[in-house]
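Novice: Can you look at this prediction? I've put the sequence above it.
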Amino acid sequence: MSGTQEASRWGFLITPKWLGWTAFVIAATAGMLWLGDWQMHRAMAGNALSWAYTFEWPLFAIFAVVFWVKTIRDEVHPPAEAEPADGVGLPGGIPVPPPGGRRPPGGEAGEGDAEDEELAAYNAYLARLTREVKGHGRWHGLR
Amino acid sequence: MRLNVALYRVMAYVTGVVLIVLCVLAIMQIWVADAAAVNAVGTIHGALYIVYLLVSFPLTRRLRLGPKPTVAVLLAGTIPVMTFIVERHISHRYIEPALAAATPRPPVPEPRS
């Protein structure tokens, strides 16, 4: 894998949207650590209940970081597990007959050009559906 | 996937019920100033919420939810009654289609020729 390819895979991180979310996660994590520190001071001042929160807040901060790392990893390497649900069962490449071109083999003889056009339009429609549906269900960026 | 959905639903209901109990106890403090029960239930809810996060985050990734539903699912465990509302919404909108997609489908028609 070349360096430029690797760089382009991580490039989404420097888009404003992702930078914003990263800043939010950093701020939220800092806030939770601060809350944990505050609870620790309360606990040491004699508030027994604060001991639970002294450990809970840092735990939530760790969750935020872990969730963020997982989100970015999934974005770079989409999980393989989702592949079966990802495919909608449409064939990959549907050949679109050339407009007004020759009939595909197997067609009945004696049919008019009107039906050829209808057939081409139908196949083009299927091809368009396939294109539109490709990659659906993937989590492209933060939508 | 199915196990994750089941665990999420269990945790959504348990966390939601405990949170409602906590709120009722907190409101009762107005008449009965006894902090012990509130503290105990509050600590239980805190622990349950940690489990809820551990169960629901993998589910949001499996369902490939966008940021807004993801944040809604994760924060629902801290807002009274929200776990029930969000669980219902997520089930209808995301879980049921995902489970339906995971089951075998009838063949898709081939292009005519």
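Specialist: Done, it's in. Numbers count the residues shown, from 1 in each chain, chains lettered A, B, ... in the order given.

Novice: near chain A, which residues of chain B?
Specialist: Where chain B comes near chain A, counting by CB under 8 Å from any CB of the partner chain, the residues are B:39, B:42-43, B:46, B:50, B:53-54, B:57, B:61-62, B:64-67, B:74, B:98, B:101-102, B:105, B:107-108, B:110-113. (Glycine included, C-beta is placed from N, CA and C.)

Novice: Okay, now the unreliable bits of chain B?
Specialist: B:104-107, B:113 (pLDDT under 70).

Novice: what do you get for chain A?
Specialist: A:1-3, A:6, A:79-112, A:133-143.

Novice: what's the longest helix along chain A packed up against?
Specialist: For chain A, the helix with the greatest residue count under DSSP state H is helix A:16-44. Judged by 3 or more CB pairs under 8 Å, 6 or more residues apart in numbering or on different chains; DSSP states H and E, helix A:16-44 is in contact with helix A:50-76.

Novice: Any residue of the helix it packs on touching chain B?
Specialist: Yes - Helix A:50-76 is in contact with chain B by CB under 8 Å from any CB, via A:Ala52, A:Tyr53, A:Glu56, A:Leu59, A:Phe60, A:Phe63, A:Phe67, A:Lys70, A:Thr71, A:Asp74.

Novice: Now the buried members of the residues you listed.
Specialist: Among the residues of helix A:50-76 next to chain B, those that count as buried by neighbour count (16 or more other CB atoms under 10 Å in any protein chain shown) are A:Ala52, A:Tyr53, A:Glu56, A:Phe60, A:Phe63, A:Phe67, A:Thr71.

Novice: wait, isn't the last one in contact with B:Thr60?
Specialist: Looking back up the chat, that one is A:Thr71. No - contact between A:Thr71 and B:Thr60 fails when scored by CB atoms under 8 Å: they sit 9.4 Å apart.

Novice: mind listing the strands for chain B?
Specialist: In chain B, no strands are defined using DSSP state E.

Novice: Just list the residues touching the residue lying closest to B:Leu48 once chain neighbours are set aside, thanks.
Specialist: Once flanking residues are discounted, B:Leu48 sits nearest to B:Thr15: 4.7 Å by CB to CB, 6 or more residues apart in numbering or on different chains. By CB atoms under 8 Å, 6 or more residues apart in numbering or on different chains, the contact set of B:Thr15 is B:His45, B:Leu48, B:Tyr49, B:Val51, B:Tyr52, B:Gly77, B:Thr83.

Novice: The fourth one and B:His89: what is the separation?
Specialist: According to CB to CB, to the nearest Å, B:Val51 stands 21 Å off from B:His89.

Novice: Over to A:Glu117?
Specialist: Distance of A:Glu117 to B:His89, given as CB to CB: 45 Å.

Novice: Same question for A:Arg9.
Specialist: Counting by CB to CB, the gap from A:Arg9 to B:His89 is 33 Å.

Novice: Contact partners for the closest residue to B:Ile20 other than its chain neighbours?
Specialist: Excluding the flanking residues, the one nearest B:Ile20 by CB to CB, 6+ apart is B:Pro80, at 5.9 Å. Neighbouring residues of B:Pro80 by CB under 8 Å, 6+ apart: B:Gly16, B:Leu19, B:Ile20, B:Cys23.

Novice: excluding its backbone neighbours, what's nearest residue 72?
Specialist: In the absence of a named chain, this looks at chain A. A:Leu13 (7.0 Å).

Novice: that's the wrong chain, I meant chain B
Specialist: B:Ala72 sits nearest to B:Val86 (CB to CB, 6+ apart), 5.5 Å away.

Novice: Of the contacts of B:Pro80, which belong to helices?
Specialist: The helices, defined by DSSP H, take in B:Gly16, B:Leu19, B:Ile20, B:Cys23 from the contacts of B:Pro80.

Novice: tell me the contacts of the spatially closest residue to the first one that is not a sequence neighbour?
Specialist: It refers to B:Gly16. Nearest residue to B:Gly16, sequence neighbours excluded (CB to CB, 6+ apart): B:Thr83, at 3.6 Å. B:Thr83 sits next to B:Ala12, B:Tyr13, B:Thr15, B:Gly16, B:Leu19, B:Tyr52, B:Ala76, B:Gly77 when contact means CB under 8 Å, 6+ apart.

Novice: Alright, calling it a day.
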